[in-house]
Every structure is written in C-alpha cells, then in structure tokens.
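Chemist: I'd like to go over a predicted model; first the sequence, then the structure.
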Amino acid sequence: MSVDLPLADEITAVFARATKMLLTEETVAHALRLITDAATAAIPGAIGAGVSLIDGSGLRQTTAASDAVVAEADALQYELGEGPCITAWASGETVLVEDLASDRRWRRWAPAAASLGISSSVSCPLLSGGLALGAVKVYSDGGQFPGNGTVRLAELFAEQATLFVIHSHAREAARTLSDRLQESLAQRDTISMAKGLLMARNGTNDDVALRDLMMLSRQSGKPLALVAAELLAAARPFEN
Amino acid sequence: MALGDEESEQRQRFAEALRHADVSLEELWLRYFTIGGHAGQFEVEAYIHGAMALPSLQRDILAHALNERLDELHSGAPRAPYSVDASEKTADDGPDGAPDAGADDGSE
C-alpha cells in the first residue's frame, strides 16, 4: 500500500529511514496489536478487537487482531465483500451493530459472524485527511455493550491506530524513491554535468554556468534539461 | 528584512505569471529542484508569499522553472522576469534586444 507524499516529504522520509528515525515495521505492528489488546480490555463485553487496512483498490488486510475470532470474522468480511468494517471504511462513519442476529444490512456476513459467537460490534474508520485507510473494530458477545461510551472509546482507539498507520505509510512510501523523484534526480545530474562542462570550457564558476545554461534554454526555447543533454552529447568527439 | 525593490518587483511579476501556470507549489518546487535549485520547499513558498528573500540566482532558477511550465502550456501569459535582465546586460553582443524598451518583438 502506498500513498502519494509530497516530494519534499518523500526526500525527508528517505533520510529519516536511512537514519533510523522512523519506527520499524515490527514496532508499528506491535503498537497496533497493543491498541487492539487495550480496546478489548477497556471496552466492557468486548471479546476482541482488530485493525483492518483497506486501500483504494479494495485490497484488504487485517494487520492486527487480538485473537482468532477477530481474524476469522474479518476474513469473512473480505471474502464476502460486506460487513460493518467495509461499510465504515466506505462511508467514513462509525458503524454500530447493536444486535447482529436481527441486523439486515449484511445478509451473508451477519449469520456467519453470529455463528462465531459475536452478537454486536463497533467499527470506526481510520481517517487521514479526506482518506479512509481502514477500520478499527471491536466485537462483543453480549453484556451491556455497545453504548455511546463504547463508541467513543472505540473512536479513540481508532484515532490512535490511525497515527501508527499513517506512520507506516510514510515508511512504505519512502522504501523506494518514486519514479518521479528518480527522473528529477537524473535530470539534475545531467544539468550538473553540463554545468561542469561549461565551467571547464569557459573558466567560470557554477553559478555563472547555470546562468549560461538558462540563457541557452531561453534563446533556443528548449527546456534546460534538454539543452544540458545536448551539450553533453555534443561533447563526445570520440564516440564510435 | 523587507524585500528590496528589484526583488519585490520580480516577485510580484512572478506571482502574476504563476496564476497562469496551473501548477501546484509542490510541482513547481520539484521543477525548480530538478533544474538545480537549492532552496527548500518552505523557503520557496515563503518567497512566493513575500515573506522571505531568495538570492538572485535562486529567484531566476525559480522563474525559469515557471517559464518552462508556461512554455509547456503554450501560454500567452507574460513570463516571469529574471533578475539579470534588470541589473545587467549581457557582455557579448547577442541578438536579443534591449530589455527596457516596450518594443519586445518576442522572436524565438
């Protein structure tokens, strides 16, 4: 999964990665796992909690689940393409299921989840800017769950999880330099070489050489990178 | 410190040209960086908003990046000016005319 970072951020993230300023994948996974454990412990009646990440192409994965029931109920949602977490992700709003047995919104998922022992749930979207990244969900097997306090708690856990998910996205995006950045660096390199060529040829410094290149670009009406490439190409007399 | 007159004038005409370029500041900074600009995105944004001064070479590189964008669009909008045009004339007798007169034929 990747997000479009502004390029300056991307460069910053690459250096942050190189200097180990970003949390490792393991740390983020561990943090998400702790959040699901905390949600399970804090919310009365909860039997488990999980974090689902869903990207724009609908690719889903549960990155943290407090237990096997959660993992299974989530897998069912992805398999059937329906369920409260998918609804929360798609709508960007918290989805409360007070009584799963009588809920008609997910005709296939609801009975399957009920057979796992789940009777109610709260699913909160992970929101960053205008983007829904996934959902945090808490499943319950009954009791006083879920009330308004439960919803608020689940939303707090979702906000916490969002911070870690955003962080791991930045890390992913910084794993490799984007094509755009590579192209930019390659052109910058070409221009630097052309500057060096002009400096040697004219006995000038690099500022003057860059001004010369800009002037050539303006006079020819060609982009500066092209002018630089042409200068370099013309400077290879022994090419055979 | 406040921007000097020449820089202020260049910046204002730059901002005017920018309105026709249909380009985000992010993209413009990338173009500026690509052709050899040194200032960070923050500095460039601050300059565009008149909050910070940039050295004349950096201003000119930024103007050039913007003008290449306008060329791409085949825009008829006025190009962003360069500081060298205002402060000095090229030593060699090139074919380009005097920059001060209004008789800008716009050839090439």
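Modeler: Alright, I've got the coordinates.
Chemist: so which bits of stretch A:35-43 are buried?
Modeler: Neighbour counts using 16 or more other C-beta atoms under 10 Å in any protein chain shown place A:Ile35, A:Thr36, A:Ala38, A:Ala39, A:Thr40, A:Ile43 of stretch A:35-43 among the buried residues. Any C-beta I mention is one placed from the backbone N, CA and C, and that applies to glycine too.
Chemist: ok, so of these, who is nearest A:Ser91?
Modeler: Nearest to A:Ser91 among the buried residues of stretch A:35-43: A:Ala39, at 20.7 Å, using C-beta to C-beta.
Chemist: for that closest one, what are its contacts?
Modeler: For A:Ala39, the contact set (C-beta atoms under 8 Å, 6 or more residues apart in numbering or on different chains) comprises A:Ala46, A:Ala49, A:Ser66, A:Val136, A:Val138, A:Leu153, A:Ala154, A:Phe157.
Chemist: nearest to chain B, of those?
Modeler: Taking C-beta to the nearest C-beta as the measure, chain B lies nearest A:Val136 of these, at 30.9 Å.
Chemist: and the gap between the closest one and A:Tyr78?
Modeler: 16 Å (C-beta to C-beta, to the nearest Å).
Chemist: compare those two (neighbour count), which wins?
Modeler: Neighbour totals were compared for A:Val136 and A:Tyr78, and A:Val136 leads with 31 against 18 (other C-beta atoms under 10 Å in any protein chain shown).
Chemist: which of the contacts of A:Ala39 fall within helices?
Modeler: Secondary structure assignment by DSSP state H places A:Leu153, A:Ala154, A:Phe157 of these in helices.
Chemist: enumerate the residues of chain B near chain A.
Modeler: B:26, B:29-30, B:33-36, B:40-41, B:57, B:60-61, B:64, B:67-68, B:71, B:82, B:84, B:90, B:94, B:96, B:108 (C-beta under 8 Å from any C-beta of the partner chain).
Chemist: how about the spatially most central residue of chain B, phi and psi?
Modeler: Among the residues of chain B, the one closest to the centroid is B:Ala63, at 2.2 Å (C-alpha atoms, centre = their mean). Backbone torsions of B:Ala63, given as degrees, to the nearest 10, read phi -60, psi -40.
Chemist: same deal with A:Ala225?
Modeler: phi -60, psi -40.
Chemist: the residue nearest to the centre of chain B against B:Pro78, yeah?
Modeler: No - B:Ala63 is beyond contact range of B:Pro78, at 11.5 Å (criterion: C-beta atoms under 8 Å).
Chemist: would you mind measuring from the residue most central in space within chain A to A:Phe157?
Modeler: Centroid check for chain A by C-alpha atoms, centre = their mean gives A:His169 as the closest residue, at 3.3 Å. According to C-beta to C-beta, A:His169 stands 19 Å off from A:Phe157.
Chemist: now the residue nearest to the centre of chain A: which helix or strand?
Modeler: In this assignment (DSSP states H and E), A:His169 forms part of helix A:148-173.
Chemist: which of the residues in the following helix or strand past that helix are buried?
Modeler: For helix A:148-173, the succeeding helix or strand toward the C-terminus, using DSSP H and E, is helix A:179-202. Neighbour counts over helix A:179-202 (16+ other C-beta under 10 Å) mark A:Leu181, A:Ser184, A:Gln187, A:Arg188, A:Thr190, A:Ile191, A:Ala194, A:Lys195, A:Leu197, A:Leu198, A:Met199 as buried.
Chemist: who are the neighbours in contact with the residue nearest to the centre of chain B?
Modeler: B:Gln10, B:Phe14, B:Ala17, B:Arg79, B:Ala80, B:Pro81, B:Tyr82.
Chemist: could you rerun that using 7 Å?
Modeler: Each residue near B:Ala63 by C-beta atoms under 7 Å, 6 or more residues apart in numbering or on different chains is listed here: B:Phe14, B:Ala80, B:Pro81, B:Tyr82.
Chemist: quick one: which of these has the most company?
Modeler: The residue in the contacts of B:Ala63 with the most neighbours, by other C-beta under 10 Å, is B:Ala80 (24 neighbours).
Chemist: residue ranges of the strands in chain B, please?
Modeler: Assigned strands in chain B: none (criterion: DSSP state E).
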